[in-house]
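*Asks:* Pasted the sequence and its predicted model underneath.
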Amino acid sequence: MRLFVHVSQSAPFMLNIEQEASIEQLNDLAMEAYCSLYDHNPWILKLNRVCSFKGGDVLLVYDKQSVKKTADEVFDISAQERLSLHEEPEPTSTNPVVGSKPGDKNAQPVVRYGTLNRVIIEMTSPHNNDYMWKAFIHTFRQFTTPDILIHKLLERYDVCEPEGLLPCDRPRFLLQERVIIQVKVCRVLVAYLEKYRYEVRDQLDYLRTFVQENVIRDGHYGAAEELRKAIDGPTETPQFVSKGFSKGLALSDAIYKQFWEHSPLVIAEQLTRVDAEIYNQLSPLDFIGCKWNKKKHLVPCLVEHIEFFEKISNFVTYSILKAPDIKARKNVMTNAIQVMSHLHELNNFNGLSAFAFAFSNPPVNRLTKTYVELKESLQEEHRNYSQLMSPLSNYKNYRVALEGVSPNDHCVPFISPFLRDLTFIEDGNGKFNDGLINLFRAMLQYNAIGLLLKFQKPNLYSHIQENHEVMVDIDRHEMAEAEEFFQLSFRIQPRQ
């Protein structure tokens, strides 16, 4: 049976239950799953409604009531920003809060919560790996500003001797620990500037002076050279280059027929070329704050990526339903499945999912009289791709397949499941917890974004040459509504 769980103000989720269970047991399973998804949440859940369906499936609906925050839960970022990093109190049992790395309990423990200064100190510590700072430089804007980050890192570079340091330990401190911290700070600065230099263009002259008067003075010549290169790069804010898809025109049936006369390989390559050009422009910042739902104008690249998926799926659905007879419809389905095969070979999961979604669209899915006319081998191939991109178990099959693709290979991932993950993360994990930065939330975000963007590269599918004739028909396609799809579907195969 399947257990559907809907919590107010949160994204719904589903659990597969292998054996019969009482409502009390299902409630316990739902609560356990909810807590595992949301590491920290200031909410009390109340079971509001239980719905049972034919076949044994159950829906549990919960209300979520806020717990009034206490004074110590209010995060005063300005006070932490003003406090010098050198004045930060010594670590305690509550600052920082250390725990296992998200998704890997066997890895080196990481800081989950901490004050701003404590997070900066710990992520540049000689005793911690690079994971924390890599997560932080992509996600810190929900906690503080780029200017403050630069200021804190430069403070961290100026390593003070610990109180009570014995004279015999001073050489080891100066030659080992101090050097490691300073070089690590330089590495963090280089990584940040290479990606987000435009955010701190007003501080670049100050950073040049810092390199000359501090980094070179301390003998870190390699780090100084890397920093200079990072500082002197382009400072323009990245501009999204839109593919400029039109809103669509009413096309003749002949146009749709003409499109499917192209080779399935050529169609798959052209779809992949466009998918890759948009995907390559996505930024980690596009995925912070669920802006694709709330502030679409701030993430035009991500919105176009989503809309291109929808346009492809809509085009395929319409092509099948507009075919004049069963023979023509069979040919469109055959060509579409062959395109899916090539998309799979190209590792274009976004395009593959768009085609799979078109076939699973109820107006198309119900056309059983046409589907059975397809060759058995094509039906089997279609079933395999549908299972691969199935949303069951939170897209388990697709996630496993994506993990098997090397970052060195060409690939365009299907991003929808990860947008859902990010929504869960932000819904269930506040930015701050008991006056501390919730770095665990940042690391969860970083993990999801890293899986999404790990295939970006300058030469992504650069071997595919543009074929304008293929894409012009999709560009001109006018998005059809579900009502029109059903009307066409019932005309083809009336209700029984």
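*Replies:* Nice, I can see it. Residues are numbered from 1 along each chain as shown.
*Asks:* Which helix runs longest in the chain?
*Replies:* Using DSSP state H, we find that the single longest helix of the chain is helix 300-322.
*Asks:* and it, how far from the chain's centre?
*Replies:* Put simply, helix 300-322 sits 20 Å off its chain's centre (CA atoms, centre = their mean, to the nearest Å).
*Asks:* Over to stretch 264-276?
*Replies:* Taking mean C-alpha positions (CA atoms, centre = their mean), stretch 264-276 and its chain are 23 Å apart.
*Asks:* Repeat that for stretch 163-183.
*Replies:* For stretch 163-183, the distance to the chain centre is 40 Å (CA atoms, centre = their mean).
*Asks:* Quick one: end-to-end length of it, please.
*Replies:* One end of stretch 163-183 to the other measures 22 Å (CA to CA, to the nearest Å).
*Asks:* Which residues does whichever helix or strand E24 is part of contact?
*Replies:* Under the criterion DSSP states H and E, the helix or strand holding E24 is helix 23-37. Contacts with helix 23-37, where a contact means CB atoms under 8 Å, 6 or more residues apart in numbering, come from 3, 5, 7, 13, 15, 17, 21, 45, 47, 50, 58, 60, 62, 424, 428. Using the backbone N, CA and C atoms, a C-beta is placed for each residue, glycine as well.
*Asks:* what's the answer for stretch 281-299, then?
*Replies:* Counting by CB under 8 Å, 6+ apart, 138-139, 141-142, 195, 238, 240-241, 301-303, 305-306, 418-419, 422-423, 426, 445, 448-449, 452-453, 456 sit against stretch 281-299.
*Asks:* So which elements touch whatever helix or strand comes next after the helix holding E24?
*Replies:* Note on helix 23-37: by DSSP H and E, the next helix or strand toward the C-terminus is strand 43-52. Judged by 3 or more CB pairs under 8 Å, 6 or more residues apart in numbering; DSSP states H and E, the packing partners of strand 43-52 are helix 23-37, strand 58-66.
*Asks:* tell me how far strand 43-52 is from the chain's mean position?
*Replies:* Computed by CA atoms, centre = their mean, the chain-centroid distance of strand 43-52 equals 29 Å.
*Asks:* Equivalent analysis for stretch 416-430, please.
*Replies:* Its chain's C-alpha centre and that of stretch 416-430 lie 9 Å apart, by CA atoms, centre = their mean.
*Asks:* One more: stretch 441-453?
*Replies:* 6 Å.
*Asks:* What of stretch 370-383?
*Replies:* The answer for stretch 370-383 is 34 Å, by CA atoms, centre = their mean.
*Asks:* list the buried ones in that stretch?
*Replies:* By neighbour count on 16 or more other CB atoms under 10 Å, the buried set for stretch 370-383 is 370-371, 374, 378, 381-382.
*Asks:* For the closest residue to G103 other than its chain neighbours, grab the count of nearby residues.
*Replies:* The shortest distance from G103 to any non-neighbouring residue, by CB to CB, 6 or more residues apart in numbering, is to N447 (5.9 Å). For N447, the count of nearby residues is 19 (other CB atoms under 10 Å).
*Asks:* So which elements touch the one helix or strand N447 maps to?
*Replies:* According to DSSP H and E, N447 maps onto helix 439-453. When contacts are defined as 3+ CB pairs under 8 Å, 6+ apart, helix 439-453 packs onto strand 110-114, helix 131-139, helix 416-428.
*Asks:* For the shortest one, give the mean pLDDT please.
*Replies:* So the one you mean is strand 110-114. Mean pLDDT, strand 110-114: 93.
*Asks:* same thing with the longest one?
*Replies:* Averaging the model's pLDDT scores along helix 416-428 yields 94.
*Asks:* wait, the residue nearest to G103 sits on D104?
*Replies:* No - between N447 and D104 there is no contact under CB atoms under 8 Å: 9.4 Å.
*Asks:* on that earlier part again, now for the buried residues of stretch 370-383, which pair is the farthest apart?
*Replies:* Maximum pairwise distance among those (CB to CB): 16.2 Å, between T370 and E381.
*Asks:* Quick check: beta-bridge partners of the residue lying closest to Y279 once chain neighbours are set aside?
*Replies:* Excluding its sequence neighbours, the residue lying closest to Y279 (CB to CB, 6+ apart) is V412, at 5.1 Å. For V412, the beta-bridge partners are N348 (DSSP bridges).
*Asks:* which residues sit in contact with V412?
*Replies:* 272, 275-276, 279, 347-351, 455, 460.
*Asks:* If we use 10 Å, what do you get?
*Replies:* Residues in contact with V412, defined by CB atoms under 10 Å, 6 or more residues apart in numbering, are 271-280, 305, 343, 346-352, 455-456, 460-461.
*Asks:* likewise A356?
*Replies:* 313, 316, 340, 343, 349, 382, 385-391, 398, 414.
*Asks:* for the residue nearest to it when sequence neighbours are not counted, phi and psi?
*Replies:* Once flanking residues are discounted, A356 sits nearest to M389: 4.3 Å by CB to CB, 6+ apart. Taking degrees, to the nearest 10, you get phi -100, psi 10 for the backbone angles of M389.
*Asks:* these two touch, right, M389 and A358?
*Replies:* No - M389 is not in contact with A358 according to CB atoms under 10 Å; the separation is 11.2 Å.
*Asks:* Identify the contacts common to these two.
*Replies:* Contacts common to M389 and A358, judged by CB under 10 Å, 6+ apart, are M340.
*Asks:* where do the strands sit along the protein?
*Replies:* Secondary structure of the chain (DSSP state E): strands at 2-7, 13-16, 43-52, 58-66, 97-99, 110-114, 432-433, 436-438.
*Asks:* Take these and write them to JSON lines, including distance to G404 and mean neighbour count.
*Replies:* Below are these laid out as JSON lines (distance: least, CB to CB, whole Å; neighbours: other CB atoms under 10 Å):
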{"stretch": "strand 2-7", "distance to G404": "27", "mean neighbour count": "19"}
{"stretch": "strand 13-16", "distance to G404": "22", "mean neighbour count": "16"}
{"stretch": "strand 43-52", "distance to G404": "36", "mean neighbour count": "13"}
{"stretch": "strand 58-66", "distance to G404": "34", "mean neighbour count": "16"}
{"stretch": "strand 97-99", "distance to G404": "29", "mean neighbour count": "15"}
{"stretch": "strand 110-114", "distance to G404": "26", "mean neighbour count": "23"}
{"stretch": "strand 432-433", "distance to G404": "36", "mean neighbour count": "20"}
{"stretch": "strand 436-438", "distance to G404": "32", "mean neighbour count": "24"}
